[in-house]
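Visitor: with the input below, show me the fold.
(chains A and B)
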Amino acid sequence: MEDRKPDNLMIQASELTHYYGPRPAIQDVNFGVKRGEILGFLGPNGAGKTTTMRIITGFMPPTQGKVTLADYDVVEQSLAVRQRIGYLPETVPLHTEMPVTSYLKYMGTLRGMPSRQIKRRISDVIDLCRLGDYHKTIIGKLSKGFRQRVGIAQAILHEPEVLVLDEPTIGIDPIQVVETRRLIQDLGKEQTVVLSSHILPEVNMICERVLIIHEGMIVAEDTPENLAQRLQGVDQLQVEVGGPVREVTAALRQIKGVTEVTHRSQQGRNVFTVQVQRGQDLRDEISRVVVSNDWRLLSMQLVSMSLEDIFLRLTTHEEL
Amino acid sequence: MRTIRAVAWKEIQVYFGTPIAYIVGLIFLVLTGIFFAIGVVPSENNPFPEASLSNFFQWSTTILILLAPALTMRLLAEEQKLGTIELLLTSPVRDWEIILGKYAASLTFLLAMLLLTLYYPLLLFIFADPDPGPIYSGYLGLVLYGAAALAIGMLTTTITSNQIVAGFVAMGIIAALSFVHFSSELLGGFSALLISEIGLQSHFEDFGRGVIDTKHIVYFLSVTAVFLFLAIRALEFRRWR
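Guide: Numbering: from 1, shown residues only, chains lettered A, B, ... in the order given. Now for the predicted structure:
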């Protein structure tokens, strides 16, 4: 059923649901992150990005569902997971009364690094994050942009296999934004990176794959190029079909006007995402193909329509 | 062990880097100094004072009701307020290591504070001939009493992100446990015995008299262990909120 091999996946989340009180913050969220991939969560504020990241990092358990990171269960084997992640929370919480180097040394020890390695890595990350002139400054006296750098420095200090960055460029000035993005791209060459953002161009620039999350649900999953294309003129249909995956995919691909078909299974159901050139309504054609092959057409939904609404709520332009 | 030390060392640095520790230390030394002097300097009410620290010990426990929570109230409440707890709890550190590390820092500060009071007995040994027994046992009792008070403070700072609430609730619990033995006089029989056995103060008195009773040591260590255990459970529970 699953076309990706699970052992290639660094992070695998299945059917994550989290409730704050009666309202679900995220619902039935499924995704996988490949080793070495940079995955972006894109969504307006309040979409459920922070909740998802807090679950991945083991800060809180999901109400339902399961996440594994490097094949360790985030809840059951929390310590093994926490040894492998570097995390930058959204608000960049730092101990404001400590100088930068003491803080980094403290965080390094908490991560179980040997002291010689801590010393070496501190000078590395201070260079990488350009904190050189401020390494003795009390964190509370640093500007927002520099605090952000300290936040990134502590996240990468122990060279974690997975970096989780929640809104890494929020609230910092444009030049620092550019620098931070470049830094993340460099880090992503060797590490698995999961980041969240509400800025469309940012995600397009940094990420290899994007999940669009809206009102707690993943509404689209694609490469930045395809996303951009979709904005320019491709519609997408979500079709749920009861039938053999390979044959259905092949048959759907043959329909005129279809540009791409991808498959994912959601709670054991086969959902096909069909890309269609904009302006063509292929719903008739698709249902005919499915039915004529004796497969069951279980649902069909035009996704791009709703995506547009979400895009409207994203920050699509940057004022640099 | 290394993580506990790292957590403790960070907190000790904060203690000595912020005014609160100095204020707590100063208040403690000024007040205990006054009560020490009242106990040993001849006055109209007490023309022939004894060269002992009993007055100092007795009042120190009361002063610690106020000051021990001042040392612990920040420890986890502030992390929760500032959100730094998110990085602490996502680091590969066990919950008990966090609690014990922070507790060790507050205990270290208390010991440092008590170390500074050692010039009271020093004065006694220079200018008089005190009985050393009650002095040793009194200090042991004070350390045990302080350890229990700080453990109570650890629990309250874990369950709230508000330092003031953490401080006052701890003060309330320590004060209640310290003074509960007074109420045992109103009751009779088993309930009176039970209540006087629960109280911190009733277990402290023997130490001031120079008696080291294992029963009292076990009592204070148990109170400490119970509250630290509850604090660890509270922190674990925090993850599931």
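Visitor: tell me which residues of the helix or strand of chain B with the lowest mean pLDDT come out buried.
Guide: Sorting the helices and strands of chain B by mean pLDDT, DSSP states H and E puts helix B:189-198 at the bottom, at a mean of 82. For helix B:189-198, the neighbour count (16 or more other C-beta atoms under 10 Å in any protein chain shown) marks B:195-196, B:198 as buried. C-beta coordinates here come from the backbone N, C-alpha and C atoms, glycine included.
Visitor: give the closest residue to residue 98 in space, chain neighbours not counted.
Guide: All of this is about chain A. The shortest distance from A:M98 to any residue other than its chain neighbours is 5.8 Å, reached at A:I139 (C-beta to C-beta, 6 or more residues apart in numbering or on different chains).
Visitor: that's the other chain; I wanted chain B
Guide: The shortest distance from B:I98 to any non-neighbouring residue, by C-beta to C-beta, 6+ apart, is to B:V7 (5.9 Å).
Visitor: so how far is A:R82 from that neighbour?
Guide: B:V7 sits 15 Å away from A:R82, going by C-beta to C-beta, to the nearest Å.
Visitor: which one's more surrounded, these two?
Guide: Higher neighbour count among B:V7 and A:R82: B:V7, with 26 against 23, using other C-beta atoms under 10 Å in any protein chain shown.
Visitor: sec struct for that one, please.
Guide: Judged by DSSP: H, G, I helix; E, B strand; the rest coil, the three-state class of B:V7 is helix.
Visitor: quick one, what contacts it?
Guide: By C-beta atoms under 8 Å, 6 or more residues apart in numbering or on different chains, the contact set of B:V7 is A:110, B:93, B:97-98, B:100-102, B:104-105.
Visitor: ok, B:F36 next?
Guide: By C-beta under 8 Å, 6+ apart, the contact list for B:F36 reads B:53, B:55-56, B:117, B:120.
Visitor: can you get me a residue count around the residue nearest to B:P42 when sequence neighbours are not counted?
Guide: Leaving aside its chain neighbours, B:P42 sits nearest to B:P49 (5.7 Å; criterion: C-beta to C-beta, 6+ apart). Neighbours of B:P49 under the rule other C-beta under 10 Å: 16.
Visitor: could you do B:I34 as well?
Guide: Neighbourhood size, B:I34 [other C-beta under 10 Å]: 13.
Visitor: in three-state terms, label it for me.
Guide: helix.
Visitor: any idea which element the residue nearest the centre of chain B lies in?
Guide: Note on chain B: the residue nearest the mean C-alpha position is B:G146, at 2.2 Å, using C-alpha atoms, centre = their mean. In the assignment (DSSP states H and E), B:G146 maps to helix B:132-159.
Visitor: same question for that helix: list its buried residues.
Guide: By 16+ other C-beta under 10 Å, the buried positions in helix B:132-159 come out as B:134-135, B:137-139, B:141-159.
Visitor: and stretch B:76-86, by the same measure?
Guide: Going by neighbour count (16+ other C-beta under 10 Å), the buried part of stretch B:76-86 is B:76-80, B:83-86.
Visitor: which of those residues fall in helices?
Guide: Here DSSP state H is the test, and these give B:76-80, B:85-86 as lying in helices.
Visitor: now render these as JSON lines, adding distance to A:Q77 and pLDDT.
Guide: Conversion of those to JSON lines gives the following (distance: C-beta to C-beta, whole Å; pLDDT from 0 to 100):
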{"residue": "B:L76", "distance to A:Q77": "25", "pLDDT": "95"}
{"residue": "B:A77", "distance to A:Q77": "29", "pLDDT": "95"}
{"residue": "B:E78", "distance to A:Q77": "30", "pLDDT": "94"}
{"residue": "B:E79", "distance to A:Q77": "24", "pLDDT": "94"}
{"residue": "B:Q80", "distance to A:Q77": "25", "pLDDT": "93"}
{"residue": "B:I85", "distance to A:Q77": "21", "pLDDT": "93"}
{"residue": "B:E86", "distance to A:Q77": "20", "pLDDT": "93"}
